[in-house]
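# no sequence on this one, just coordinates:
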């Protein structure tokens, strides 16, 4: 693939992913190279990176706020115990796990999961605290102001979490809103886009403390593990892009340069963006002869992705969707919500038949150096690719 930008050195990895899963199916021919492209608006802060875990989704999400806490870089026992308190209140109120992720991400932004006092309260010595915030009369995990309750109430983690959830549940369609918009509807912050960058780590914290709960989706009124597809969004904020099964896998022995997976699906099948993000690229990829020939079916060795889209997500991840049947439904710079339709399955570019070539890249790196195996990545988000296990 030709690209306008030069590759840059890769940034630090965001953490080890779940153990790789492999599958071998019938071959569908396509290619997926890329140049590098770096954007930071949706990326997480470097000092907030934690190690992903391969926790099974147990469907038993009880949280022990008094037990030992998992080890995560940059978040100590005290902070994770506060996160556990937030989750436990959500459980008691029967808030779905998506709400726990939103609440934890919000507290990460507002207080770094510390029960902060303002300077007046800290200097009075009347209430124990875990640090001093800097915003007027705001206190506690969510930096709530005086209208939310007394100082003592707002500095009680359980009270603060309950007030947050009460307001969240009143937000119309909160479960399907991008995390930052749901959080902002509650907090009314001066920095409304600041919450998005915490979604990835908040999901990992919820998984670690609550048995993989961020990998669940509501199915027939019950939380089900690893079932996010067809526009249904897991608590992590992810969904499978199309319902087909994985064909050609990631960097197989026979195709070491295959930087994604091929998902079989009939022509015209709707392609849904895997998570909320911002469109980086939406165009026709030139073939090996430099021609823009995406409006016709391709063939093996033609080269290129055909009509394709790249989307940047929280945590610095990028997803790529190749071989669309026609011009994508989205444009560069557009914000898209998880599950939103961005195009239809086709066979443009280097393709032997209709399918979606799907890639995941980390560290905001669109080049082949940033590509990782989509199969374990999507399963760890509760949105496994059908036929990939």
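Cool, the structure landed. Here the structure is a predicted model, which means the values were calculated and not measured.

# Quick check: residue 170 is in a strand.
No - assigned with DSSP: H, G, I helix; E, B strand; the rest coil, residue 170 falls outside any strand and is coil.

# Pull the number of nearby residues for it.
Applying other C-beta atoms under 10 Å, we find 10 residues neighbouring residue 170. For every residue, glycine as well, the C-beta is placed using N, CA and C.

# Tell me the backbone dihedrals of it, please.
phi -90, psi -10 (degrees, to the nearest 10).

# quick one: it from residue 202, how far?
21 Å (C-beta to C-beta, to the nearest Å).

# ok, now residue 109?
10 Å.

# cool, and residue 322?
Taking C-beta to C-beta, one finds residue 322 at 30 Å from residue 202.

# Ok, residue 338 next?
Applying C-beta to C-beta to residue 338 and residue 202 gives a distance of 15 Å.

# Residue 240 and residue 263, how far apart?
9 Å.

# what sits in contact with each of these two?
385, 386 (C-beta atoms under 8 Å, 6 or more residues apart in numbering).

# Quick check: which ranges of the stretch 151-300 of the chain have low pLDDT?
Scanning the stretch 151-300 of the chain for pLDDT under 70 picks out nothing.

# Break down it into its strands, ranges please.
Remark: strands assigned in the stretch 151-300 of the chain by DSSP state E, counting those that start in this stretch are 216-219, 222-225, 261-264, 270-272, 277-284.

# can you tell which of those strands is closest to residue 331?
strand 277-284 (5.6 Å; C-beta to C-beta).

# more crowded one of residue 322 and residue 202?
residue 202 (33 against 30).

# my guess is that one contacts residue 104, does it?
Yes - using C-beta atoms under 8 Å, residue 202 is in contact with residue 104, at 4.3 Å.

# Now do the contacts for the closest residue to residue 193 other than its chain neighbours.
The spatially closest residue to residue 193, leaving aside those adjacent along the chain, is residue 180, at 5.6 Å (C-beta to C-beta, 6 or more residues apart in numbering). Contact analysis of residue 180 by C-beta under 8 Å, 6+ apart lists 192, 193, 194, 195, 196, 199.

# With residue 57 instead?
Contacts of residue 57 (C-beta under 8 Å, 6+ apart): 211, 212, 213, 215, 216, 225, 226, 382.

# ok, and the closest non-adjacent residue to the first one?
Yep, that's residue 211 we're talking about. residue 58 (3.9 Å).

# The fourth one too?
Nearest residue to residue 215 in three dimensions, chain neighbours excluded: residue 382, at 3.1 Å (C-beta to C-beta, 6+ apart).

# Need the pLDDT of that neighbour.
As predicted, residue 382 sits at a pLDDT of 96.

# What about it, how many residues nearby?
Around residue 382 there are 30 residues (other C-beta under 10 Å).

# cool, and residue 151?
19.

# next one: the one 4 residues further on
Residue 155 is surrounded by 24 other residues when neighbours are defined as other C-beta under 10 Å.

# List the residues that contact it.
115, 117, 121, 127, 129, 139, 140.

# Show the contacting residues for the closest residue to the first one other than its chain neighbours.
With sequence-adjacent residues excluded and distances taken as C-beta to C-beta, 6+ apart, residue 115 is closest to residue 130, at 4.6 Å. With contacts taken as C-beta under 8 Å, 6+ apart, residue 130 has the following neighbours: 78, 114, 115, 116.

# From residue 112, how far out is the nearest residue to the second one once chain neighbours are set aside?
By that I understand residue 114. In space, and not counting its chain neighbours, residue 114 is closest to residue 130: 4.2 Å by C-beta to C-beta, 6+ apart. Using C-beta to C-beta, residue 130 is found at 10 Å from residue 112.

# and if you look at residue 140?
Taken as C-beta to C-beta, the span from residue 140 to residue 112 is 13 Å.

# Compare the two and say which one has the larger neighbour count.
The residue with more neighbours, out of residue 140 and residue 112, is residue 140; 31 against 18, by other C-beta under 10 Å.

# What confidence value was assigned to that one?
95.

# what's the spacing between the residue lying closest to residue 227 once chain neighbours are set aside and residue 255?
Sequence neighbours aside, residue 217 is the residue nearest to residue 227 in space, at 5.1 Å (criterion: C-beta to C-beta, 6+ apart). Residue 217 sits 32 Å away from residue 255, taking C-beta to C-beta as the criterion.

# Same question for residue 140.
53 Å.

# For the contacts of residue 155, give me JSON lines that also has distance to residue 309.
Formatted as JSON lines, the contacts of residue 155 follow (distance: C-beta to C-beta, whole Å):
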{"residue": "115", "distance to residue 309": "42"}
{"residue": "117", "distance to residue 309": "46"}
{"residue": "121", "distance to residue 309": "49"}
{"residue": "127", "distance to residue 309": "51"}
{"residue": "129", "distance to residue 309": "47"}
{"residue": "139", "distance to residue 309": "44"}
{"residue": "140", "distance to residue 309": "41"}
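
# ok, and the closest non-adjacent residue to residue 294?
That would be residue 284: by C-beta to C-beta, 6+ apart, it lies 3.8 Å from residue 294.
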